[in-house]
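S.K.: let me see the structure of the following:
(chains A, B, C and D)
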Protein chains: 4
Amino acid sequence: MPAQPDIQPVMSVSEVSDLLDRVFPQWNTDGALVVTDIRPGGCTVRLNASEKHLRPGGTVSGPSLFTLADIAGYVCVLSHAGPEALAVTTNLNINFMRKAEAGPVDGHCRILKLGRSLLVFDIEMIAEKTEHLVAHATGTYSIPPKR
Amino acid sequence: MPAQPDIQPVMSVSEVSDLLDRVFPQWNTDGALVVTDIRPGGCTVRLNASEKHLRPGGTVSGPSLFTLADIAGYVCVLSHAGPEALAVTTNLNINFMRKAEAGPVDGHCRILKLGRSLLVFDIEMIAEKTEHLVAHATGTYSIPPKR
Amino acid sequence: MPAQPDIQPVMSVSEVSDLLDRVFPQWNTDGALVVTDIRPGGCTVRLNASEKHLRPGGTVSGPSLFTLADIAGYVCVLSHAGPEALAVTTNLNINFMRKAEAGPVDGHCRILKLGRSLLVFDIEMIAEKTEHLVAHATGTYSIPPKR
Amino acid sequence: MPAQPDIQPVMSVSEVSDLLDRVFPQWNTDGALVVTDIRPGGCTVRLNASEKHLRPGGTVSGPSLFTLADIAGYVCVLSHAGPEALAVTTNLNINFMRKAEAGPVDGHCRILKLGRSLLVFDIEMIAEKTEHLVAHATGTYSIPPKR
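M.R.: Below you'll find the predicted structure:
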């Protein structure tokens, strides 16, 4: 993708994690999600998938991977557009490509567009053990005007 | 949509619910999902959304509604293609239209195509209290060949 | 879907067709598209598919059906939000279900949400000859603020 | 994305272009599309957008960019799975991010999964003049069994 030198984060990993814990305590009730990196134009969130995240066939479930994608997009919004905790997902499209066993899945998220009222992102979800691309998603967050 | 007279369910609400409990105990760990109807070419699943399903702003979260859509699609697969518990979601696209407060959300799911190896569905998610269309999704399940 | 009694069209079939011809002459260079109905909360656009709209296998091509979906969404915007000719598609997701031979394909389009800045729609594309559901799409138009 | 060393093309740019001209003469009736690169796990197709590809506002239209995405996915199928001219798109999701003026738009397409019966791809569409990411799409081709 072309460089987007104007997209710089305004919050750090610990600042975003603290904000999420404060305004959105349900984001991570089972402690399985960890924000591991925030960088210009993107972020990485890890899902430590355990038994409860699996579905028949022993693979990480769709809702678990959707949650990873949705939260990673939200971390991109918070870290790059500022602590606008009321931004909401308007669309998310996810493709499931390969099975992932229990274990860490890293969601590498990239900002495709940061406009005044929308943030568009995509995310590659990669199982740490096999290095396989497990799922890919594209989504849009609506960012409310600042008061 | 044109009538699809050849799409008849082969399992009842109680048969599908029992099968899910047996092969996919994680499908409903919090007891919030209830299969309420199975009919030719479709089904309805209800999410009884409570505090833990909300996100900032007090609205039912994206992952909660994604789970409703994903499970309803699975109920369509099980009830119409038979107890193929290993069918997997390959794609799901969801649009979030309006806020939904805590309370019941009904997911009315419709089979758009039931082929030999794929089932395509869409689903309207409607808040019981306001009768508003909260979210809409389209998805595909891959159905493995019978052994 | 719940009734949306507040969604009333403000332009007729002939008014929208004339407007399209004037501001967007490329919309229908081959004369294959016809706006056939505008109703509260929806519209129908017909594609008269001929040889040039086919792809290998003798089926109506993806781009031809995408165009039908995109134009029908635009007709919903124009007819219900007014002649905002600069509205742009931000997202479109399309599923192709069955082959369609050359001949009319009717796109029945429905407004899922008409907000201040976004219109979300879905559309069922049905081959007139077989009455089969050929394709289904969901999309979003961004509506610029009125000047 | 993790390396996919097992994904090697089996056809060259000129072989695929010749095949398209032979089996799918409608693919490029206006001569605006050019296959410019085929590489392990991906390809690039260029759209030389002119007046007829524009929509109101002077920007390259949605159907033109959809066509670019759809054809690039097909070039990935043909070049990597072999000359299976009957492969069909089953799903395509496209996000439009920025306006593109008339001129070349390069579609850089990447295979996310090449299975026995499905190929999943994504594509970044970049305007040559501005180097802006104009649109992004994800799609699936169904590959029929070899006879």
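S.K.: only C-alpha atoms for contact and neighbour calcs from this point on.
M.R.: Fine.
S.K.: just want the most central residue of chain A.
M.R.: A:Ala72 (1.2 Å; CA atoms, centre = their mean).
S.K.: helix or strand for that residue, which one?
M.R.: Using DSSP states H and E, A:Ala72 maps to helix A:62-81.
S.K.: is chain D contacted by the following helix or strand past that helix?
M.R.: Scanning forward in sequence from helix A:62-81 by DSSP H and E, the next helix or strand is strand A:88-96. Yes - using CA under 8 Å from any CA of the partner chain, strand A:88-96 reaches chain D at A:Asn93.
S.K.: what's in contact with the helix or strand just after strand A:88-96?
M.R.: Helices and strands here follow DSSP H and E; after strand A:88-96, the next one along the chain is strand A:103-114. By CA atoms under 8 Å, 6 or more residues apart in numbering or on different chains, the residues outside strand A:103-114 that reach it are A:7, A:41-50, A:68-69, A:72-73, A:76, A:119-129, D:97, D:133.
S.K.: tell me which entries of these lie within strands.
M.R.: Residues from these lying in strands, with DSSP state E as the criterion: A:42-49, A:119-127, D:133.
S.K.: each with direction, which strands does the helix or strand of chain A with the lowest mean pLDDT pair with?
M.R.: Averaged element by element with mean pLDDT, DSSP states H and E, chain A has its least confident helix or strand at strand A:54-55 (a mean of 88). Paired neighbours of strand A:54-55 in the sheet (DSSP bridges): strand A:59-60 (antiparallel).
S.K.: and chain A, which residues reach chain D?
M.R.: A:1-2, A:93, A:97, A:112-113, A:120, A:124, A:131-133.
S.K.: list only buried entries from those residues.
M.R.: With burial judged by 16 or more other CA atoms under 10 Å in any protein chain shown, the buried subset of the residues of chain A next to chain D is A:93, A:97, A:112-113, A:120, A:124, A:132-133.
S.K.: now the two most distant members of those residues.
M.R.: Maximum pairwise distance in these, criterion CA to CA, is 26.3 Å, between A:Lys113 and A:His132.
S.K.: flag the shaky bits of chain A, pLDDT-wise.
M.R.: Along chain A, the parts satisfying pLDDT under 70 run over A:5, A:85, A:146-147.
S.K.: could you redo the last one with a cut-off of 80?
M.R.: Along chain A, segments meeting pLDDT under 80 span A:1-6, A:26, A:29, A:84-86, A:145-147.
S.K.: which parts of it sit against chain B?
M.R.: A:23-24, A:26-27, A:52-57, A:62-63, A:66-67, A:70, A:85-86, A:89-97.
S.K.: just the buried residues from these, in PyMOL please.
M.R.: Those of those that count as buried under 16+ other CA under 10 Å are selected in PyMOL with:
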select buried, chain A and resi 24+26+27+53+54+55+56+62+63+66+67+70+85+86+89+90+91+92+93+94+95+96+97
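S.K.: ok, back up a step: could you list every helix and strand in contact with the helix holding A:Ala72?
M.R.: In terms of contacts (3 or more CA pairs under 8 Å, 6 or more residues apart in numbering or on different chains; DSSP states H and E), helix A:62-81 is packed against helix A:13-23, strand A:33-39, strand A:42-49, strand A:88-96, strand A:103-114, strand A:118-127, strand A:133-142, helix B:62-81.
S.K.: partner strands of the second one and their direction?
M.R.: Based on DSSP bridges, the pairing partners of strand A:33-39 within the sheet are strand A:42-49 (antiparallel).
S.K.: using PDB, write out every CA atom in the partner strand.
M.R.: Only the C-alpha atoms of strand A:42-49 are listed here, as PDB (Å, rounded to 0.1, in the frame of the first residue of the first chain):
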ATOM      1  CA  GLY A  42      -2.000   0.300  12.100                       C
ATOM      2  CA  CYS A  43      -2.000  -1.900  15.200                       C
ATOM      3  CA  THR A  44      -1.800  -5.500  16.300                       C
ATOM      4  CA  VAL A  45      -4.100  -7.200  18.800                       C
ATOM      5  CA  ARG A  46      -3.600 -10.800  20.000                       C
ATOM      6  CA  LEU A  47      -6.300 -13.300  20.800                       C
ATOM      7  CA  ASN A  48      -5.100 -16.000  23.200                       C
ATOM      8  CA  ALA A  49      -7.700 -18.600  22.000                       C
END
